[in-house]
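S.K.: Could you look at this predicted model? Sequence included:
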Amino acid sequence: MSRRASIAIERWTPLSRAASIIAAALVATLVLAPLFLDANAIDRLTTLFIYILLGTMWNALAGYGGLVSVGQQAFFGIGAYAAIRLSHAGVAVYPALILGALFAGLFSLLLSTFALRLRGGEFAIGMWVVAELCHLLVNLDGLIQGETGTSLIALDAIAPGHRRDDTYWLALAAMVTLLALVFALLRGRLGGSIQAIRDNEEAAASLGVKVLAAKRITFIIAGTGCGMAGTLWLASSITFQPQAYFGVQWTAYMIFMALVGGLGTFEGPILGAVLFFAIELFFGASGIWYLVGLGAAALIFALFLPRGIWGTVEDRFGLRLLPLGYTVRIPATAEPTAGGDRSASTAGSLPQC
Amino acid sequence: MIWVNQIVQGVLLGGYYAVLACGLSLMFGVMRIINLAHGDLAVLAAFLVWLLTERLGIPLAPALILVLAGMAALGVALQRVVLERSLRAGILVPLLSTFGLAIVIENLLFEGFGADTRSLAPAIGSLAYDSWSISDEIYVGRLSVLIFALAVLLLAGLQLLLSRTQLGRALRATAEDPDTAELVGINSRGVYAAAAAIAVVTAAIGGVLFAMRAAFAPYAGPSQLIFAFEAVVIGGLSSLWGTLAGGIVLGVAQSIGAQLDPHGFLIAGHVVFLLVLAIRLALGSAEARGRLRTLLGKSA
């Protein structure tokens, strides 16, 4: 079988190596950005990092895990609320932001025993109810003063310039750490398991995939990530009004970013977040039509381009910048009937374990 | 006595939830789709009736007929344009597409009608506030009682439709297995369109009742969807009458919660919903989410 010997299985292509180096260089540049960018740009970038974090977390849940949640704003709000409470109890403000996110992670761990046994639409709306309930219960806390809300007062004590840069670095660090974690996990055994579950839960279980454990890890990472996004949002806006944090519009944003960018691809939600960020920047002022546009885009992409922009590009050109799976290269001479280098079409169907 | 009153009010509220929820339940039973735009479609119908009666001066009855006919057509369009394609793409896509649709509908309503809350109460005159007294301390609103009666009639009608008519048999067969149904000559596309039309019309009736009972605004849809979904799930997706039972449980929980605390109405409803779900999962009867066969109960 000399023919088989010529088939190469590879993960890193020269292109993806170059892309990784560029990504690393970009992160290094971003670390130094406060030295040469003005305050406004730093604020904008912080917002962008939060969006990327949210898009990636929602994509990890839905695009890989097959769990469509309409209630991730629960963790966003709980993270911010926990940070307020911790800061109020005397914890230093930046540690409180990180602990708040971890608290959201702990909450998702507790919730996972219940929520992950729901399926499809039940999970989607069940999570929504959880988010609504969290909102109502947080409103009962005297410290929050109902919908009036409160502020992260401790952050006001820090000089605005320092605060802006510190929040920026924290957002950058959180985004890079959580994205790297998702990347590492999805490349490993979990990636294969969770996608097998997404495609067919019963079949995956019969092959020995630990369904609940794999879903749980994804769910907890997504909960922690959304919690972190919430505390970062709190750090950049200072005020905490429950309605602004527990609102279902966050889910709309996350769906838009993941779906338009490319559900089930690593690069997709990053692209989606950048697009969302740009659209908000240019059209956010147009108010309602901007929201109509977001909803319509989600609807149209779901119907006509469910793989999103990046997924479509990947499929068509076999492009993989940050590869999670493997690519099979079949040289044209080895398999005349295969019709040349069809690496792109084979890569998608291969399990990643 | 105050508690008896709250329970009576809660039971009557449950009738409204049953009307709102039966379409959601039907669509889930036949197509396995949870339509996240269900609540917004209900509110859309309320706005349309308001537009015809308040703005154009059309009497309520013809306005209702016009709107319900329009909503039926919208249901067919929804099936043809959105749901059919979503269904082919897998189980997650219908959630994404209907969520996108929900956002479009509610924001267009906001764009068209503004943030003001409206009500259809003026259109029904004294019916909006008339009540019957049962005892010195218990009064029931005539509208609430009529809505409850309407719920029972609507559910009975749907039950008859499903068990006795040709369309009902086709619906049940398609719910069971669309491919096999096609083999015996059922046009499953047409059946799905009919199911979507019925579901959207019942949502519209729910929306109109909601608008008669209370004030409504463009963003009222999501909370109505949540209530409808809670009623369906508490009822166990097991039968249309289960939806009524679920609605009553939800209504009573909310009504008692409201009596306990000003914030209690919503909290109690959500807590009861999550408790029922948790208990059901603990008992391991998660497969209660059956298709239409179980939706119809043993009687079919």
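M.R.: Perfect, I can see it now. Residues are numbered from 1 along each chain as shown, chains lettered A, B, ... in the order given.

S.K.: Centroid-nearest residue for chain A?
M.R.: residue A:56 (1.8 Å; Cα atoms, centre = their mean).

S.K.: Tell me if I'm right that that one and residue A:269 touch.
M.R.: Yes - counting by Cβ atoms under 8 Å, residue A:56 touches residue A:269, with 4.8 Å between them. Yep, even glycine has a C-beta here, placed from its N, CA and C like the rest.

S.K.: re the thing from before, so who does the residue nearest to the centre of chain A touch?
M.R.: Counting by Cβ atoms under 8 Å, 6 or more residues apart in numbering or on different chains, residue A:56 makes contact with A:178-179, A:182, A:225, A:269-270, A:273.

S.K.: What score does the residue lying closest to residue A:182 once chain neighbours are set aside have for pLDDT?
M.R.: Nearest residue to residue A:182, sequence neighbours excluded (Cβ to Cβ, 6 or more residues apart in numbering or on different chains): residue A:60, at 5.3 Å. pLDDT, residue A:60: 92.

S.K.: Over to residue A:60. Which of the three states is it?
M.R.: Secondary structure state of residue A:60, per DSSP: H, G, I helix; E, B strand; the rest coil, is helix.

S.K.: dump the residue contacts of it.
M.R.: By Cβ under 8 Å, 6+ apart, the neighbours of residue A:60 are A:182, A:186, A:218, A:221-222, A:225.

S.K.: try it again with 6 Å
M.R.: By Cβ atoms under 6 Å, 6 or more residues apart in numbering or on different chains, the residues touching residue A:60 are A:182, A:218, A:222.

S.K.: can you tell me how far the first one sits from chain B?
M.R.: Going back to what we said before, that points to residue A:182. Per Cβ to the nearest Cβ, to the nearest Å, residue A:182 is found 19 Å from chain B.

S.K.: so, in contact with chain B or not, stretch A:69-84?
M.R.: No - applying Cβ under 6 Å from any Cβ of the partner chain, one finds stretch A:69-84 out of contact with chain B, separated by at least 6.8 Å.

S.K.: List every C-alpha atom in that stretch, with coordinates, as PDB.
M.R.: Output in PDB follows, covering the C-alpha atoms of stretch A:69-84 (Å, rounded to 0.1, in the frame of the first residue of the first chain):
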ATOM      1  CA  SER A  69     -28.100  28.800  26.200                       C
ATOM      2  CA  VAL A  70     -30.400  31.900  26.300                       C
ATOM      3  CA  GLY A  71     -29.200  32.500  29.800                       C
ATOM      4  CA  GLN A  72     -25.500  33.100  29.800                       C
ATOM      5  CA  GLN A  73     -26.200  36.600  31.100                       C
ATOM      6  CA  ALA A  74     -26.900  34.900  34.400                       C
ATOM      7  CA  PHE A  75     -23.100  34.400  34.800                       C
ATOM      8  CA  PHE A  76     -22.300  37.800  33.400                       C
ATOM      9  CA  GLY A  77     -24.500  39.400  36.100                       C
ATOM     10  CA  ILE A  78     -23.600  37.000  38.900                       C
ATOM     11  CA  GLY A  79     -19.900  37.700  38.300                       C
ATOM     12  CA  ALA A  80     -20.400  41.400  38.500                       C
ATOM     13  CA  TYR A  81     -22.700  41.100  41.500                       C
ATOM     14  CA  ALA A  82     -20.200  38.900  43.400                       C
ATOM     15  CA  ALA A  83     -17.400  41.400  42.700                       C
ATOM     16  CA  ILE A  84     -19.500  44.200  44.200                       C
END
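
S.K.: Let me see the mean pLDDT of it.
M.R.: Rounded mean pLDDT across stretch A:69-84 is 95.

S.K.: which other residues reach it?
M.R.: A:61, A:96-97, A:100-101, A:103-104, A:107, A:124, A:127-128, A:130-131, A:134, A:138, A:152, A:223, A:226-227, A:229-231, A:234, A:240, A:245-246, A:250-251.

S.K.: In three-state terms, label the residue nearest to the centre of chain A for me.
M.R.: Following three-state DSSP, we place residue A:56 in the helix state.

S.K.: Per-residue pLDDT of it, please?
M.R.: 96.

S.K.: gap between it and chain B?
M.R.: For residue A:56 relative to chain B (Cβ to the nearest Cβ), the value is 17 Å.

S.K.: Check residue A:17 too.
M.R.: 33 Å.

S.K.: Sort out which residues of the helix or strand harbouring that residue are buried, please.
M.R.: Element membership of residue A:17 [criterion: DSSP states H and E] is helix A:14-36. Under the neighbour-count criterion of 16 or more other Cβ atoms under 10 Å in any protein chain shown, helix A:14-36 has A:16, A:19, A:23, A:30, A:34 buried.

S.K.: now the helices for chain B?
M.R.: B:2-31, B:38-50, B:60-77, B:84-88, B:93-113, B:142-164, B:166-176, B:178-183, B:188-213, B:221-234, B:240-260, B:264-282, B:292-295 (DSSP state H).

S.K.: do you know which of these lies nearest chain A?
M.R.: Among these, helix B:93-113 comes nearest to chain A, with 3.0 Å by Cβ to the nearest Cβ.

S.K.: Can you check my assumption that residue A:328 lies in a helix?
M.R.: No - judged by three-state DSSP, residue A:328 forms no part of a helix; its state is strand.

S.K.: Kindly tell me how buried it is, as a neighbour count.
M.R.: 15 (other Cβ atoms under 10 Å in any protein chain shown).

S.K.: Distance check, it against chain B.
M.R.: 25 Å.
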